[in-house]
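Asker: Dropping the sequence and predicted coords here.
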Amino acid sequence: MEHKDKLKERRQKKLEALKQQGRRLPFEEEPPFPPYRQENRVYADFKSGSPTHPAGNSAPESSQQIQEELEKWSDPEYVWEQKYRREFLSPSAYETGEGPRGPFFRKQMIKLAISTVLFASIWGLFQMQGPWAEKGREVIKTSLTQSFQFDAVAAWYQEKFDGAPSFLPTFHTSKQEAVKAISQEKRTFYVPVKGKIQLPFTEEHPGLAFQVPSGKSVSALDAGQVTYVGEKAETGLTVIIRHSGGVESTYGFLQKAAVELNDWIKGGENVGVLGEAEGEKPNFYFSMAKDGKPINPSDVMKFD
């Protein structure tokens, strides 16, 4: 302990001697910031003339303050912060052309250089003649005029991960694209009924209306769970089944349901029985949806 006290005392005496000789201490170097930038909050410590960041010729007034400064500069984090302020925040690098360039400036210069090289290369390619130059021009024209086809990537993602990738627009642009996703899945759908389509699929009528002989059984599209059995104003006695992959099927105008709520059913099993058709009116309604979006069942299977 006595040895440390003596060492500390000698160090303080040496600092006092340097101070009396008019020499700057390492932490007293004034940063080369213009006066108007010192108004910024980042440089407030420099302007205030505090012991941490002395301004002008101000210096610590006591040995205790000198010791505090030495302890600060022995902290690697503090040293790194000061280095960052000098090299990155200092405006002298880009205003006067003196001093080190900041990381942001260097990155911008690198980006500018790369952009210039690419532009010059493309311009030169369009000025040259030859088979390889022609092929390069075609590739550039194609990439600038044709949009990327996400269907293949989306189908691969769906097959590998069993889900719709939210970062691909192919699952979010239209109902037709949802049909493509279903058709590319490796699964078998059962046709509910065979019959004449009375009302086709439209935006206002998101399903198919059939005229089918009375007493005909209705088959489940695929394996799934019954989520609804009941009367609806538009489709009478209706059964809704939720399948895997976000697919949902609806069966309407049933005379009698063969399933109950929350039942699990296999593909092709009986959902219900149809009643007699009144004149030319349809006696069966069927619709499909993918992730809540109505799709045309005729695009997935044939009913005739």
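Answerer: Okay, I see it.

Asker: Going by C-alpha atoms from here, please, whenever you check contacts or count neighbours.
Answerer: Will do.

Asker: can you give me the helices in the chain?
Answerer: 2-20, 44-48, 63-73, 76-87, 92-95, 103-127, 131-145, 151-161, 175-183 (DSSP state H).

Asker: Name the spans of the stretch 151-300 of the chain whose pLDDT lies under the cut-off.
Answerer: Counting by pLDDT under 70, the stretch 151-300 of the chain has low-confidence residues at 151-186.

Asker: try 80 this time
Answerer: 151-188, 279-280 (pLDDT under 80).

Asker: which parts of stretch 201-210 are buried?
Answerer: Under the neighbour-count criterion of 16 or more other Cα atoms under 10 Å, stretch 201-210 has 201, 206-210 buried.

Asker: any idea how far Gln12 lies from Ala233?
Answerer: Distance, Gln12 to Ala233, using Cα to Cα, to the nearest Å: 94 Å.

Asker: Look at the two and report which has more neighbours.
Answerer: Gln12 (17 against 7; other Cα atoms under 10 Å).

Asker: for the more buried one, what are its contacts?
Answerer: Neighbouring residues of Gln12 by Cα atoms under 8 Å, 6 or more residues apart in numbering: 63, 66-67.

Asker: Pick out whichever of these sits closest to Tyr285.
Answerer: Minimum distance to Tyr285 across the contacts of Gln12 is 88.0 Å, recorded for Gln67 (Cα to Cα).

Asker: Span of stretch 65-84 from start to end?
Answerer: First-to-last residue span, stretch 65-84, Cα to Cα: 24 Å.

Asker: Please spell out which residues along stretch 277-295 are buried.
Answerer: Buried, per 16+ other Cα under 10 Å, within stretch 277-295: 277, 282-290, 293-295.

Asker: Quick check: bridge partners of Ser249?
Answerer: Ile241, Met288 (DSSP bridges).

Asker: What is the burial count for it?
Answerer: Ser249 has 22 nearby residues by other Cα under 10 Å.

Asker: contacting residues for it?
Answerer: 221, 240-243, 286-289.

Asker: again, but for Ile197
Answerer: Here Ile197 is in contact with 208-211 (Cα under 8 Å, 6+ apart).

Asker: mind listing which of the residues you listed are in strands?
Answerer: Judged by DSSP state E, these include 208-211 as members of strands.

Asker: Bridge partners for the nearest residue to Gly215 once chain neighbours are set aside, pull those for me.
Answerer: The spatial neighbour of Gly215 that comes closest, neighbours along the chain excluded (Cα to Cα, 6 or more residues apart in numbering), is Leu274 at 5.2 Å. Listed by DSSP bridges, the beta-bridge partners for Leu274 are Leu254.

Asker: Roughly how far does Leu274 sit from Gly245?
Answerer: 28 Å.

Asker: So for these two, which sits in the more crowded spot?
Answerer: Leu274 (21 against 14).

Asker: From Glu138, how far out is Leu118?
Answerer: Taken as Cα to Cα, the span from Leu118 to Glu138 is 17 Å.

Asker: Number of residues surrounding Tyr228?
Answerer: Tyr228 has 17 nearby residues by other Cα under 10 Å.

Asker: brain fart, Thr188
Answerer: Neighbours around Thr188, by other Cα under 10 Å: 11.

Asker: Please list all residues in contact with the residue nearest to it when sequence neighbours are not counted.
Answerer: Using Cα to Cα, 6+ apart and skipping the chain neighbours, the partner closest in space to Thr188 is Asp222 (7.5 Å). Residues in contact with Asp222, defined by Cα under 8 Å, 6+ apart, are 188-190, 243, 266-268.

Asker: Tell me the buried residues within those residues.
Answerer: 243, 267-268.

Asker: and those residues as JSON lines, adding distance to Thr145?
Answerer: Shown next, in JSON lines, are these (distance: Cα to Cα, whole Å):
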{"residue": "His243", "distance to Thr145": "39"}
{"residue": "Gly267", "distance to Thr145": "45"}
{"residue": "Gly268", "distance to Thr145": "46"}
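
Asker: Return the subset of the buried residues of stretch 277-295 lying in strands.
Answerer: 284-290, 293-295.

Asker: CA atoms only for stretch 110-128 - export them in PDB, please.
Answerer: Provided in PDB are the C-alpha atoms of stretch 110-128 (Å, rounded to 0.1, in the frame of the first residue of the first chain):
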ATOM      1  CA  ILE A 110     -17.400   3.300 -51.900                       C
ATOM      2  CA  LYS A 111     -21.100   3.200 -53.100                       C
ATOM      3  CA  LEU A 112     -20.500   6.000 -55.500                       C
ATOM      4  CA  ALA A 113     -17.400   4.300 -56.900                       C
ATOM      5  CA  ILE A 114     -19.300   1.000 -57.400                       C
ATOM      6  CA  SER A 115     -22.200   2.700 -59.000                       C
ATOM      7  CA  THR A 116     -19.900   4.500 -61.400                       C
ATOM      8  CA  VAL A 117     -18.200   1.300 -62.400                       C
ATOM      9  CA  LEU A 118     -21.500  -0.500 -63.000                       C
ATOM     10  CA  PHE A 119     -22.900   2.400 -65.000                       C
ATOM     11  CA  ALA A 120     -19.700   2.600 -67.100                       C
ATOM     12  CA  SER A 121     -19.800  -1.200 -67.700                       C
ATOM     13  CA  ILE A 122     -23.400  -1.200 -68.800                       C
ATOM     14  CA  TRP A 123     -22.900   1.800 -71.100                       C
ATOM     15  CA  GLY A 124     -19.800   0.200 -72.600                       C
ATOM     16  CA  LEU A 125     -21.700  -3.100 -73.200                       C
ATOM     17  CA  PHE A 126     -24.400  -1.300 -75.200                       C
ATOM     18  CA  GLN A 127     -21.600   0.400 -77.300                       C
ATOM     19  CA  MET A 128     -19.800  -2.800 -78.200                       C
END
